[in-house]
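A.B. asks: structure, please.
(2 chains)
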Amino acid sequence: MPAELKQMKDLACTSDSHVHEQSPSNQTSIAMMQEPQEMVEETVTVEEDPGTPTSHVSIVTSEDGTTRRTETKVTKMVKTVTTRTVRQVPLGPDGLPAMDGSSPMGSYTDSIDRRYLKNGERFITPQASSTLTRSYNSYNESYPESHEGQYRPYIGHDGYGDLSDSYGSLSRGVGYRPRYAYVPGGTYRPDDGSFTLPSRRENYGPVAQPQVPVGSSVDLNRSQPERFQPEPYGLEDDNRSLGVDDEGYELDPDYSTVNRRTSAGVPERGRPHKGRGYDDPIETEMVEERIPYLHGGYAAPLAQPERGSMASIDRLGKRSPSIDSIRKDPRWRDPDLPEVIAMLSHPIDPVKSNAAAYLQHLCYENDKIKKDVRHLKGIPILVGLLDHPKPEVHRKACGALRNISYGKDNENKVAIKNCDGIPALIRLLRKTNDMEVRELITGTLWNLSSYEPLKMVIINHGLQTLTNEVIIPHSGWESEPNEDSKPRDAEWTTVFKNTSGCLRNVSSDGAEARRRLRECDGLVDALLHALQSAVGKKDTDNKSVENCVCIMRNLSYHVHKEVPGADKYQELDAGQTTGTGGSQKKKKDDAGCFGGKKAKGKKNGDLDRNFDTLDLPKRSEAAKGFELLYQPDVVRLYLSILTESQNFNTLEAAAGALQNLSAGNWTWSTYIRATVRKERGLPVLVELLQSDSDKVVRAVSIALRNLSMDRRNKDLIGSYAMGELVRNLPSRQQRSAKNLEEDTVVAVLNTIHEIITDSSENARSLIQTQGIQKLVAISKSSQSPRETKAASHILQMIWSYKELRNALQKDGWNKSHFQSVSAAPKGSKGTAGRSGYDDSTLPLVDKSQDNEKSGSRDMIPMDELGPDGYSTIDHRDKERKYKTIDNIGDASEKEPLKNDTNRKNINRSNRASVNLVDARDIKPQPVDSWV
Amino acid sequence: TAAPRAWPPRRPWLRAGLGQLLARTDTEQRIEIHKLRQGDNLILGFSIGGGIDQDPTQNPFSEDKTDKGIYVTRVTQGGPAEVAGLQIGDKIMQVNGWDMTMVTHDQARKRLTKRNEEVVRLLVTRQSLQKAVQQSMMS
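C.D. replies: This is a model prediction of the structure:
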């Protein structure tokens, strides 16, 4: 019997902590993951909405279609162009000639203006370039290239302003266009800061000049025969082209001058286009004019808010019936799914990005489409687009993947993994500074992390990157804090939430996953810092905090067995104090009949009291990394969370962390148990026994049981917690006041059992709190064999205290009530048998844990982390190279004039230049020449 | 362990992308580009690829991979070519009346960059997106 009791206690501890670590985290994470996931999805939607006009501008700029709204604008512009600028506009029905250029021009202009205003004289070339980029691609997507954090806040505020400005200046910009040639570059200074540009041109201009005198070349040109002849001044042409290449900025002054001038005269429109583009009757009318141009090749209509488009159709229907014919026009149709997927491979980038965006839309809440995309082999293409240099493209691809990865269909997740989507996502995360892209990436990873087989893959490819790129920066933790500055607070961003959710999921993947997370540089430090920041700001209810606490809880599981050097503390502990002492004590108590208990108890109390005065080990240096998990300092943190938070998941996790930390048989758990008491944590925990949440009650109850391994704690808990514990038990009338789950009831029963073990005082307080009635009821009539079994154990234990029998019999109880398990026919045998079975499951769990642990230990040597780290670094280097190329390529896409400089040496590798690859390596002959 | 799926209200979504409408025919059109003076240079704001001296199989825009014509590979945002409606992937058939389907890359470049011409009139063909998509589906 004694052995059995002890075993039960130990096993129960183990299994419970196991449960704590594994299943709750899994379940909740999955649950969590889905919810936020969904939110993520929605977020995208939300974000896309405002973003649309912007991107449409850029898309219009390029070649294929746009929203009606944008097109409207464009149409306006086209008119202008037609009449003023381009004298011979393409006559074809598909014309749309000028539509492209103007919108970027406008926005471009405007941004430059703003840049000027902002930067004043400090405006220099590189800035100009980033400005261009951004304005081209709309403020969102250009972050990656612009890569200057400095602009971000500004853009954040003003992005839409930019946009509308650009709209506003579209037509006029074009209208003024013919003038730009006459603008005296160096002198025209319409705006305050703008003179910098001309002056820059003055600086660079001379350098840019071709070697050959212009005049002569002109003459030569004139004298040229009309057909293709070797042209003597070909060199000049080259120079010129080189000149353009080298001094691509040359173009900027002109453009900016023109545009600046035009936009200077154009009143800002504020934000009208963002909010109410369709409301503008003028614009609406313009749609009609757009129609003829629609047909012009790629200028297909673009994404539009569904509601918006309907609205506009309605309105237009009244105004001009012909608009409906757009939709019914036999020349037009919706692309089917295979076509959309094929478009992902189209050489024109906007087609790619639009196709990806359309896919994202189609996949939203549509599992069948997701599956179809998988069957049509769309996922590898989308993954491939993650490496695309253009933000517009990889962002949309990421958005599509995020929707595809969401849901119960794990095959989609596997498909993403099978085409190396996880490393690709991680690569992109390293590359991009665009918050939205980062949210999409981490959201996707969060989705993927919910599927067990992918967890280790994510750890292998992304753990350190996620930590370095997201967790650490957003946590506010600094590995080498500046003495002067006060510690930074954590930022509860979506990216952090997603990433912590992802890590939370993967942290439940067993011993090896835990080991990797614990040993991931800076992870534990950053999580703790974030949580401390949360407590400091009394902001402990949010999802990110929940994720962090859950990770900490999981990493605290089996910490006494799994961290390096745990043996040392184990031996010390087992040899001297709790471990051996505890079991010996128990054996002695049990063996020595029940009489000596009080004395023994006291003695043990004295022994344990030593822990009150026990000095924590002095550290020569501050703990870091995984050591922080089990330093007694964390107790205060968890207790603060338990006091502050209203989030049940967070409460459960914090209690679970204390449970895990107090479970072990090593020195640190001894300290933890004592620290909880000294930090006045027991009342906090006891109060939480009143929680409405089943799982909080369960976690707290189990924590209390583990804590009562400390003798002093046991006495205190017995005195002060028994009432609350009993209150959580079901009575005969109703299962329980709260209708707790079986697991919880069993946990409470096991805790009671632990508390009264070796303590007749505690057993007495159980009697005084009217617990016997409930226990007897459970043991006689519960439908749950586990509850019956656990209650019976308690009753047997009580009956074993002979000094209590008098009191019990006075209350009307007799021996049969306490020995129902072995004696009573009803359910006794069966119950005993089943409970025996129930017990046997506990060791199984434990065993599997041990197997897993030892297995993983054997399989994964500690060195493994090294290679991983190295490979990460390697990847990074590769990334960097790649990134450089990409950036250049990407930038050149936006402002080729400028970037030709670079292009001469590094040609774009991924896009659309004929013979590009060969040319790069072989020779100077231009295969892709700017003209 | 099934999570409660609290779907967000479906938002008006962008019917994304390139449009759900596909043109069914190729187009041929004339585009007039006014060169932009940049210092002493005149630029058009686009780049070309291809030519009879180039490897036509590298051309991502051509339907027929033996086509050695001149193609627009990039267009400067806001540049003259873009303003005039030139698009990536356009095949340049003529420049100011001169045939461009059988020229070397360099010849084409020079033809486009004549200093004495401030206006360039192009005849280009533009593949319909529908065809381009079908094409990429076959490959």
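
A.B. asks: now the terminal residues of stretch B:98-111, how far apart.
C.D. replies: By Cα to Cα, to the nearest Å, the extent of stretch B:98-111 from end to end equals 8 Å.

A.B. asks: tell me where chain B has helices.
C.D. replies: Using DSSP state H, the helices of chain B run over B:80-84, B:105-112, B:129-138.

A.B. asks: tell me the mean pLDDT over the last one?
C.D. replies: On average, the pLDDT along helix B:129-138 is 68.

A.B. asks: so what's residue A:477 up against?
C.D. replies: Contact analysis of residue A:477 by Cβ atoms under 8 Å, 6 or more residues apart in numbering or on different chains lists A:488, A:522, A:525, A:526, A:528, A:529, A:530. C-beta here means a position set from N, CA and C on the backbone, and glycine is covered the same way.

A.B. asks: got a markdown table for those, with distance to chain B and pLDDT too?
C.D. replies: A markdown table is the format used below for these (distance: Cβ to the nearest Cβ, whole Å; pLDDT from 0 to 100):
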| residue | distance to chain B | pLDDT |
| --- | --- | --- |
| A:488 | 32 | 86 |
| A:522 | 31 | 93 |
| A:525 | 31 | 94 |
| A:526 | 27 | 95 |
| A:528 | 28 | 95 |
| A:529 | 30 | 94 |
| A:530 | 25 | 95 |
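
A.B. asks: touching chain A at all, stretch B:110-118?
C.D. replies: Yes - shown here: stretch B:110-118 in contact with chain A (Cβ under 8 Å from any Cβ of the partner chain) through B:110, B:111, B:112, B:113, B:114, B:115, B:116, B:117.

A.B. asks: mind checking which of those are buried?
C.D. replies: B:110, B:111, B:112, B:113, B:114, B:115, B:117 (16 or more other Cβ atoms under 10 Å in any protein chain shown).

A.B. asks: I figured the third one hits residue B:42, correct?
C.D. replies: This points to residue B:112. No - contact criterion Cβ atoms under 8 Å: residue B:112 and residue B:42 do not qualify, at 10.1 Å.

A.B. asks: report pLDDT for residue 114.
C.D. replies: Unless you meant another one, I'm taking chain A. If you check residue A:114, the pLDDT there is 39.

A.B. asks: ah, no, chain B please
C.D. replies: At residue B:114, pLDDT is 89.

A.B. asks: any idea how far it lies from residue A:793?
C.D. replies: Using Cβ to Cβ, to the nearest Å, we find residue B:114 at a distance of 99 Å from residue A:793.

A.B. asks: look up how far residue A:715 lies from the residue nearest the centre of chain B.
C.D. replies: Nearest residue to the geometric centre of chain B (Cα atoms, centre = their mean): residue B:88, 2.1 Å. With distances taken as Cβ to Cβ, residue B:88 is found 80 Å from residue A:715.

A.B. asks: quick one, phi/psi of the residue nearest to the centre of chain B?
C.D. replies: With angles defined as degrees, to the nearest 10, residue B:88 sits at phi -60, psi 140.

A.B. asks: so residue A:425, which state does it fall into?
C.D. replies: Look at residue A:425: counting by DSSP: H, G, I helix; E, B strand; the rest coil, its state is helix.

A.B. asks: does the residue in the stretch 301-450 of chain A that chain B sits nearest to count as helix, strand or coil?
C.D. replies: Taking Cβ to the nearest Cβ, chain B has its nearest neighbour within the stretch 301-450 of chain A at residue A:354, 2.7 Å off. For residue A:354, the assignment made with three-state DSSP gives helix.

A.B. asks: my guess is it contacts residue A:346, does it?
C.D. replies: No - checked against Cβ under 8 Å, the pair residue A:354 and residue A:346 is beyond contact range at 9.4 Å.

A.B. asks: low-confidence stretches in chain B?
C.D. replies: B:1-26, B:130, B:132-139 (pLDDT under 70).

A.B. asks: now do the strands in it.
C.D. replies: According to DSSP state E, chain B carries its strands in the segments B:27-34, B:36-38, B:41-43, B:46-50, B:70-75, B:91-95, B:98-99, B:119-126.

A.B. asks: residue A:779 is nearest to which of the ones you listed?
C.D. replies: Proximity to residue A:779 (Cβ to Cβ) singles out strand B:70-75 among these, at 81.7 Å.

A.B. asks: of all the buried ones among the residues of stretch B:110-118 next to chain A, which two lie farthest apart?
C.D. replies: Farthest-apart pair in those is B:111 and B:115; separation 12.1 Å (Cβ to Cβ).

A.B. asks: contact partners for residue A:377?
C.D. replies: So residue A:377 contacts residue A:341 (Cβ under 8 Å, 6+ apart).

A.B. asks: tally of neighbours for residue A:488?
C.D. replies: 16 (other Cβ atoms under 10 Å in any protein chain shown).

A.B. asks: what are the phi and psi angles of the residue lying closest to it once chain neighbours are set aside?
C.D. replies: In space, and not counting its chain neighbours, residue A:488 is closest to residue A:476: 3.5 Å by Cβ to Cβ, 6 or more residues apart in numbering or on different chains. The phi/psi pair for residue A:476 (degrees, to the nearest 10) reads phi 90, psi 0.

A.B. asks: look up the pLDDT of residue A:476 for me, please.
C.D. replies: At residue A:476, pLDDT is 91.

A.B. asks: likewise the one 4 residues further on?
C.D. replies: Among the per-residue scores, residue A:480 shows a pLDDT of 80.

A.B. asks: pretty sure it belongs to a strand, no?
C.D. replies: No - going by three-state DSSP, the assignment for residue A:480 is coil, not a strand.

A.B. asks: state the number of residues packed around it.
C.D. replies: Count around residue A:480 with other Cβ under 10 Å applied: 5.

A.B. asks: distance of it relative to residue A:435?
C.D. replies: For residue A:480, the distance to residue A:435 - Cβ to Cβ - is 26 Å.

A.B. asks: again, but for residue A:355
C.D. replies: In terms of Cβ to Cβ, residue A:355 sits 24 Å off from residue A:435.

A.B. asks: residue A:335 now?
C.D. replies: Using Cβ to Cβ, residue A:335 is found at 31 Å from residue A:435.

A.B. asks: in terms of neighbours, single out the busier of the two.
C.D. replies: residue A:335 (22 against 16).

A.B. asks: ok so, going back, out of residue A:354 and residue A:346, which sits in the busier spot?
C.D. replies: Of the pair residue A:354 and residue A:346, residue A:354 is the one with more neighbours under other Cβ under 10 Å, namely 34 against 23.

A.B. asks: can you read off the pLDDT for the more buried one?
C.D. replies: The confidence metric pLDDT takes the value 88 at residue A:354.

A.B. asks: over to residue A:706?
C.D. replies: Predicted confidence (pLDDT) for residue A:706: 93.

A.B. asks: how close does it sit to residue A:656?
C.D. replies: The gap separating residue A:706 from residue A:656 is 11 Å, by Cβ to Cβ.
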